[in-house]
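> I'd like to go over a predicted model; first the sequence, then the structure.
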Amino acid sequence: MSYRERHEIPDLGIGVGLRRPHVAQVLREKQDLVDWLEIVSENYLADGGIQRSHLEAVREKYRLIPHGVSLSIGGADPLDRRYLARLGSLVHGIGAPWFSDHLCWTGIGGVDVHDLLPMPYTAETLAHVAERVKVVQGELRAPFALENASTYLEFRESTIPEHEFLAELAERADCGILLDVNNVFVSAYNHGFDAKAYIDAIPADRVVQIHLAGHEDKGTYLLDTHSDHVRAEVWDLYRRAVRRCGSVSTLVEWDQSIPAWEVLVAEAEKARVVRAEAVAAATNTEAAWSAGL
Amino acid sequence: MVSGSLGALQTFFAHAAMRDSTVGSDAEAIAEAERLIVPSLRGMSPADRLDVYREQYWLRHVPSLEEDYPTLSWALGGPAPFRELAIRYLTAVPPRTWDLQRLGEGLPSYVANNAPWQGDLLVSDAARIDWAFMEAFDAADAPPFDVGVLSVAPEDAWPLATIMFHPAVRALTLGHPVHDLRQAVKDGSARDRPAAATTHVVVWRDSACRLQAVAIEQQAFALLSALASGVPLGQACDAIAFTSGDTESAADLGPKVSSWFQRWTASGWVSSVRFAG
């Protein structure tokens, strides 16, 4: 039985990241224009207040999935139990079928850099992160997915390619994967690895969600800015990922130069079309193979 | 031991990412970066690659602080002087929480105690009003006050009553009317630095989750502050009657207190009233 089946991970369809400028419009709309919304967990961990009240209102209309940026699963500091307790309250409070964060670290020595910082990929760090994922899952008692982050440097001591590290980590810790195909593209460009081979090596049955976003070309590197439309090359990688993974919940992220809600919805609609085409193509290929046999 | 070696690597990385000058400007940092990091295929040195994270650190934190402190930014003279303050503040007080909303928690104290901002009371007041709004934004919720409890309370229970205020209520004594300045900054109509004037301000989140601020008279502020610190109503009234001198007895204050209390409950400042026994 696959990871998704064991944990009854639903296909939520096509969603977008909920950002503050869109909240009023989302609440005003009579008809739901996307299937679900992803929320940044940290925005909703306060005891109360304006964001929490927005959350309660939006929850009446949409399925919500919490996506964190501060777990620091790869950090050398101990896991922050207070953060985990608040995250657990959020995850269970909104009835999320899974929650996610990034394969990265975010701070050290009590200081929080508020960024998704890269890790060396070694046997030691693999064991370290796998243990921490088990602790997180044990505390929160909900399916957890780790996302491949965009990176701008690699460490000399790394001995394991990122896709192997992520696949082995998911296997050892028995967690899900949030496959960000834009991040695969960005990191592949920055480090010179084959993005298609990366997608092909990710264990498809563990992919619970896919991210799409835009990035910026800074000349000597690509920067994962979430500030623009999804690039053509990333759509191609998405098709490849869907052909492998099937109908997996997909989300369009847009965090900087946030456009009108209609623009974001249109990007989500494009993802819906691309996903349907890729699933159909995969089904046709499978049927052709079966007929040939 | 993974945590030891990983910790050392992450400590170096974090320090590099939080530098206020490029990694390439420090020979020691360049050497350590060379030892740890692979150069890029497109000509970026290890120090250049680390600088991508350093640039992002400041691009993330300075605008975040500026968004939280619009009045302070205006009082300082705009984005450039605010950026200078933000870099010095974040260097002295690095973020120690995952909650970006708390990033500027120490800024009012920092500007009040560090040159060249120390001594500029408008700057200090601006920082304090902006932070009060930040606190009111995500303070805990409280159920609406049930005014029905007041009608069943016996008359003689009132002097010992204690008043609980909504967790989002913040009361400040300021040297300038910066609550008005903040609104003007938001509207784009702020022009001149306001004249100094002692101002008692309450900031709160109303029942529709809108942030509000209003100036209140000195006596009302004194009563509210005493009640908020847990002083029973009768004792708090006696104290402000005493400080107002011979002209006003505690009995004379009655109608005023009643009208203030009605306003406070209508505004959602009061969350509950507890009667002794």
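Nice, I can see it.
> hang on, isn't residue A:3 packed against residue A:171?
No - counting by CB atoms under 8 Å, residue A:3 does not reach residue A:171; the two are 9.5 Å apart. C-beta here means a position set from N, CA and C on the backbone, and glycine is covered the same way.
> more neighbours: those two, which one.
Neighbours were counted for residue A:3 and for residue A:171 using other CB atoms under 10 Å in any protein chain shown; residue A:3 has more, 21 against 13.
> so who does the more buried one touch?
A:9, A:170, A:174, A:176, A:203, A:205-206, A:208 (CB atoms under 8 Å, 6 or more residues apart in numbering or on different chains).
> can you give me the strands in the stretch 101-250 of chain B?
B:162-165, B:170-174, B:199-205, B:211-216 (DSSP state E, counting those that start in this stretch).
> what helices and strands are in contact with the helix ranked longest in chain B?
With residue count as the measure and DSSP state H as the assignment, chain B has helix B:46-68 as its longest helix. Judged by 3 or more CB pairs under 8 Å, 6 or more residues apart in numbering or on different chains; DSSP states H and E, helix B:46-68 is in contact with strand A:111-117, helix B:2-17, helix B:27-36, helix B:79-92, helix B:121-138.
> closest one to chain A among the strands of the stretch 101-250 of chain B?
Closest of the strands of the stretch 101-250 of chain B to chain A is strand B:199-205, at 6.9 Å (criterion: CB to the nearest CB).
> packing partners for the closest one?
Using 3+ CB pairs under 8 Å, 6+ apart, strand B:199-205 is in contact with helix B:121-138, strand B:170-174, helix B:178-187, strand B:211-216, helix B:218-228.
> with just CA atoms, put the fourth one into CSV.
So that's strand B:211-216. C-alpha atoms of strand B:211-216 as CSV (Å, rounded to 0.1, in the frame of the first residue of the first chain):
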residue,chain,number,x,y,z
LEU,B,211,-7.3,48.3,15.0
GLN,B,212,-8.3,51.6,16.6
ALA,B,213,-6.7,54.3,18.7
VAL,B,214,-8.2,57.1,20.7
ALA,B,215,-6.9,59.7,23.1
ILE,B,216,-8.7,59.8,26.5
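> list the contacts of that strand.
Under the criterion CB under 8 Å, 6+ apart, residues A:50, B:129, B:132-133, B:136-137, B:177, B:179, B:182-183, B:199-206, B:224, B:260, B:267 lie in contact with strand B:211-216.
> identify each buried residue in that strand, please.
B:211-213, B:216 (16 or more other CB atoms under 10 Å in any protein chain shown).
> with the second one instead?
Of the residues in strand B:170-174, B:170-172, B:174 count as buried by neighbour count, 16+ other CB under 10 Å.
> among these, which are in reach of chain A?
Among those, no residue lies close to chain A (CB under 8 Å from any CB of the partner chain).
> export these to TSV and append columns for distance to residue B:40.
Output for the buried residues of strand B:170-174, formatted as TSV (distance: CB to CB, whole Å):
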residue	distance to residue B:40
B:170	49
B:171	54
B:172	51
B:174	51
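> quick one: furthest residue from the center of chain B?
The centre of chain B is farthest from one residue, residue B:41, which by CA atoms, centre = their mean lies 45.9 Å away.
> what is the burial count for the residue lying closest to residue A:132 once chain neighbours are set aside?
Among residues not flanking residue A:132 along the chain, residue A:73 sits closest, at 5.3 Å (CB to CB, 6 or more residues apart in numbering or on different chains). Residue A:73: 25 surrounding residues under other CB under 10 Å.
> one more: residue B:208?
Per other CB under 10 Å, the neighbour tally for residue B:208 reads 8.
> distance of residue B:160 relative to residue B:259?
Computed with CB to CB, to the nearest Å, the distance linking residue B:160 and residue B:259 is 21 Å.
> poorly predicted segments of the stretch 1-150 of chain B, please.
The stretch 1-150 of chain B contains residues with pLDDT under 70 at B:1-4.
> the residue most central in space within chain A sits in which helix or strand?
By CA atoms, centre = their mean, chain A has its centre lying nearest to residue A:178, at 4.0 Å. Secondary structure assignment for residue A:178, by DSSP states H and E: strand A:176-180.
> give me the buried entries from the contacts of strand B:211-216.
By neighbour count, with 16+ other CB under 10 Å, the contacts of strand B:211-216 hold A:50, B:129, B:132-133, B:136-137, B:177, B:179, B:182, B:199-205, B:224, B:260, B:267 as buried.
> and for the following helix or strand past the strand holding residue A:178, what's in contact with it?
Downstream of strand A:176-180, the first helix or strand assigned by DSSP H and E is helix A:181-191. Helix A:181-191 is contacted from outside by A:147-152, A:154, A:162, A:193-195, A:198-199, A:210-215, A:221-224, A:230-231, A:233-234, A:237-238, A:241, B:40-41, using CB under 8 Å, 6+ apart.
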